[in-house]
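Undergrad: for reference, the sequence and a predicted model appear below.
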Amino acid sequence: MNKYMIFKSRVVGLRFNRSWSSAIEVSPVKLSYTVHDQETPREEPRKSPVLFLHSALNSKRDLASLSKALNQLTKRTIIAIDARNHGESPDAPEMSWESMAADVKLLSENLKLNKSILMGHSMGGGIMVFTALKYPHLAEKLVVIEANPIETSQSLFNMSKTLKKLLTVDFQGLQTLDEAKKHATDALCHLIPSASVRDRFTEMIKEVSPGKFGWARNLPVIARDFERHVISFPWSSYISIFQKDPFTKPSLFIGGGQSDFLAVKHYEELKKLFPRAEFAIIEGANHWLHLQKPTEFLKISSEFINSD
């Protein structure tokens, strides 16, 4: 039996003219990115690149090995991106879907990209979903890893609670980075039982100024807007428009068999937004399927990217 299952929809939708714009004003920021193109042929015309975006509290560095492998398998340039308030991208006062999609649009324009394959994991997948729906001219294809605009996973609500817990840690009076990390570990021990999860968060601590320690990222904004925006898709503002004007280019949604982010029950509603959607479930994998099962993930994603 195959380690993953693929389901395809062959329904073809119609493209309507987009004469609408967001009622929410956004101020895009210039995102930091890393280009992986060692295996990209130099002759013209070159294939459309892949814009690859990470999950919440991660960065483009976490995608480096996968980006290099995808570059080798697809011969396309892979551009790994830091979202706003993450990695080396600027801090920003808000993290709505609208603003983060506008960041991707600005990056595409600044790099003078005609079309790209939009690809993202979890929060990054949600950003690429919104970008594809609102700015379809930017996308050749869409690859969504463990993200779903139809139903919110319970784990995202748990993550929102965890982010709030991180904000309760007081770093006053600590002398060294090691002391700060140990203090945070002790403070979070009863709030976050999992040692591996705690370790992931304590790696975010840095010396923010001489002798003062804190979280390496704009955690107050991330925590606030994770609850306000990231854990829910803006259905009330956009669903009727998006369903009338779906993204009709090839799309692939990849989920883990041990995760609740993507399931067969979601396919019908997803097809209303993405009529040419394909779905792949990697058995034995959870939310971090691309790290747990990289061989399977790379096979599925590269074959889809390379397909006509």
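TA: Perfect, thanks for sending it. Numbers count the residues shown, from 1 in each chain.
Undergrad: could you list the low-pLDDT ranges of the stretch 1-150 of the chain?
TA: Filtered on pLDDT under 70, the stretch 1-150 of the chain yields the residue ranges 1-24.
Undergrad: can you show me the strands along it?
TA: Counting by DSSP state E, counting those that start in this stretch, the stretch 1-150 of the chain has strands at residues 4-8, 33-36, 50-53, 78-81, 116-121, 139-145.
Undergrad: now those strands in a markdown table, with mean neighbour count?
TA: C-betas here are computed from N, CA, C, even on glycine. What follows is the strands of the stretch 1-150 of the chain, written out as a markdown table (neighbours: other Cβ atoms under 10 Å):
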| stretch | mean neighbour count |
| --- | --- |
| strand 4-8 | 14 |
| strand 33-36 | 19 |
| strand 50-53 | 28 |
| strand 78-81 | 26 |
| strand 116-121 | 28 |
| strand 139-145 | 25 |
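Undergrad: would you turn those into a markdown table with distance to Ser99?
TA: Listed next are those as a markdown table, based on distance: least, Cβ to Cβ, whole Å:
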| stretch | distance to Ser99 |
| --- | --- |
| strand 4-8 | 33 |
| strand 33-36 | 17 |
| strand 50-53 | 14 |
| strand 78-81 | 14 |
| strand 116-121 | 15 |
| strand 139-145 | 18 |
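Undergrad: so which of the ones you listed comes closest to Thr176?
TA: strand 33-36 (30.7 Å; Cβ to Cβ).
Undergrad: listing partners with orientation, what would you give for that closest one?
TA: Take DSSP bridges as the rule and strand 33-36 pairs in its sheet with strand 78-81 (antiparallel).
Undergrad: what sits up against the strand it pairs with?
TA: Here strand 78-81 makes contact (Cβ atoms under 8 Å, 6 or more residues apart in numbering) with 31-37, 49-54, 60, 63-64, 67-68, 70-71, 89, 104, 107, 111, 116, 124.
Undergrad: change it to 7 Å
TA: Where contact means Cβ atoms under 7 Å, 6 or more residues apart in numbering, the residues beyond strand 78-81 that reach it are 31, 33-36, 49-53, 60, 63-64, 67, 70-71, 107.
Undergrad: and the helices in the stretch 51-200 of the chain?
TA: Using DSSP state H, counting those that start in this stretch, the helices of the stretch 51-200 of the chain run over 64-74, 97-110, 123-134, 154-166, 177-188, 195-202.
Undergrad: ranking the ones you listed by burial, who's on top?
TA: Highest mean neighbour count of those: helix 123-134, a mean of 26 (counted as mean count of other Cβ atoms under 10 Å).
Undergrad: and that one, what does it pack against?
TA: Packed against helix 123-134 by the contact rule (3 or more Cβ pairs under 7 Å, 6 or more residues apart in numbering; DSSP states H and E) you find strand 50-53, helix 97-110, strand 116-121, strand 139-145.
Undergrad: okay, the helices of the stretch 51-200 of the chain in TSV with distance to Lys244 next?
TA: Below are the helices of the stretch 51-200 of the chain laid out as TSV (distance: least, Cβ to Cβ, whole Å):
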stretch	distance to Lys244
helix 64-74	33
helix 97-110	19
helix 123-134	11
helix 154-166	27
helix 177-188	46
helix 195-202	41
